[in-house]
Structure formats: C-alpha cells, structure tokens
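Novice: Build me a model from this:
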Amino acid sequence: MKRGLMLVPLVLFLLVAVFLYRGLYLNPAELPSAMIGKPFPEFSLPSVQGDKALTRADLLGKPALVNVWGTWCISCRIEHPVLNKLAEQGVVIYGIDYKDDNAAALKWLAEFHNPYQLNIRDDDGNLGLNLGVYGAPETFFIDARGVIRDKYVGVIDEAVWREQLAARYQALVDEATP
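Specialist: Below is the predicted model:
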C-alpha cells in the first residue's frame, strides 16, 4: 500500500512533464479561435478619430483584415510599417484600438501613418473579449459578408505576409469577385 502511494507523485510529475514538453513545440501564432466561421460580433463603438459610431455593418462589403493593436503594444510598433505597405498595395485593413488611451492612439497614427480604413475604439475591451482576443497584435480575416474566416496571432512582418497570409487574403478577394 505504501509503495503504491509513493508512485502517485512520480506519475503526476511525469504527466505534467509530458504536458509541458508538448507545449514547447506548439506555435503561439496558431491559437485556436472559436470565432472561425462565425459572423464578426455585433458592436457599436466610436471611431478612434471620434467622428462617428461604427458598427458591424461598416465592416461588410469586401474582404478585410481586422487588426487588433494598441500604442502600449511593442510588437504593434514593429508590425505597423508592414500594415502601411499592405494598405498602400490595396489590402483592406480595419483596426481595433484595444484598451488604449485615445489621445495616444491619435498621436501614434499621426506619427506613424494610418493604414486603417476604419479604426474602432475598444476602450474597455468588450469587442476584444467577444472576439476571444488574447492580446495584441492579433489579426482576423473576414470575408465580404463579415464572417471570420481565419486568425493570426503575432506580428505580421513581410516574410509572414508573403509566406503565410497573402494567399489567405487573396483567396477571400477571389471568392468575393463575381
């Protein structure tokens, strides 16, 4: 009986070790999302520029990237020049300024340029919560009907765009073209 009880901690340790070892080989950019295949959540939030209220309906009509960002996000600063280049190339990008100070966001966009056709102000993070956002940057791919088709977690640099994401976006564009 004592011998069996002595094996319990060893078995528990081995189970935890296997679980942690497996985690070493997971790609954090491939976090699962329960939102894939579902409509973008309903919302009514102000734009970062404060000129109007934005809703889900504003995101409909063409395939787009929806980029979750914040001025507090160091990785977003790395990603931002690539988003500017993509926007110049005609990629439709909407922004969600996530849990941020709006004055800081306006200053950021004035200083680093604005790649977003629409920029949603999510001060309290409720839209991010409804999307299952873990942090920033995260980018959702939506089709012309506003259905979330894919998600990428992490910095979109030129290599990531070219090797992983451009084809996903192009497939949505091709699908939307009659």
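Novice: Neighbours of E42, how many?
Specialist: 11 (other CB atoms under 10 Å). From N, CA and C alone the C-beta is placed, and that goes for glycine too.
Novice: So it, which state does it fall into?
Specialist: coil (DSSP: H, G, I helix; E, B strand; the rest coil).
Novice: give me every residue that touches it.
Specialist: E42 makes contact with 55-56, according to CB atoms under 8 Å, 6 or more residues apart in numbering.
Novice: ok, 6 Å please
Specialist: Listed by CB atoms under 6 Å, 6 or more residues apart in numbering, the contact partners of E42 are R56.
Novice: what sits opposite the spatially most central residue of the chain in the beta ladder?
Specialist: Centroid-nearest residue in the chain, with CA atoms, centre = their mean: E138, separated by 2.1 Å. Under the criterion DSSP bridges, E138 forms beta bridges with V68, V153.
Novice: what mean pLDDT does the helix or strand encompassing S75 have?
Specialist: Taking DSSP states H and E as the definition, S75 sits inside helix 74-88. The pLDDT scores in helix 74-88 average 97.
Novice: quick one, helices of this structure?
Specialist: Ranges of helices within the chain are 2-23, 74-88, 102-112, 126-131, 158-160, 166-176, based on DSSP state H.
Novice: Out of the ones you listed, which is closest to D51?
Specialist: Proximity to D51 (CB to CB) singles out helix 102-112 among these, at 11.6 Å.
Novice: Report the angle between that closest one and helix 74-88.
Specialist: Between helix 102-112 and helix 74-88, the angle comes out at 50 degrees (axes from the mean of the first three to the mean of the last three CA atoms, to 10 degrees).
Novice: tell me the contacts of N84?
Specialist: Taking CB under 6 Å, 6+ apart as the definition, contacts of N84 comprise 113, 115.
Novice: go again using 8 Å as the cut-off
Specialist: Taking CB under 8 Å, 6+ apart, one finds 112-113, 115 in contact with N84.
Novice: ok, of those, which one's closest to V82?
Specialist: Using CB to CB, these come closest to V82 at P115, 8.9 Å.
Novice: Verify the contact between that closest one and I93 for me.
Specialist: Yes - using CB atoms under 8 Å as the test, P115 is close enough to I93 to be in contact (5.2 Å).
Novice: Now do the shared contacts for these two.
Specialist: In terms of CB under 8 Å, 6+ apart, P115 and I93 are both contacted by the residues 83, 86-87.
Novice: ok so, going back, counting neighbours, which of the contacts of N84 end up buried?
Specialist: P115 (16 or more other CB atoms under 10 Å).
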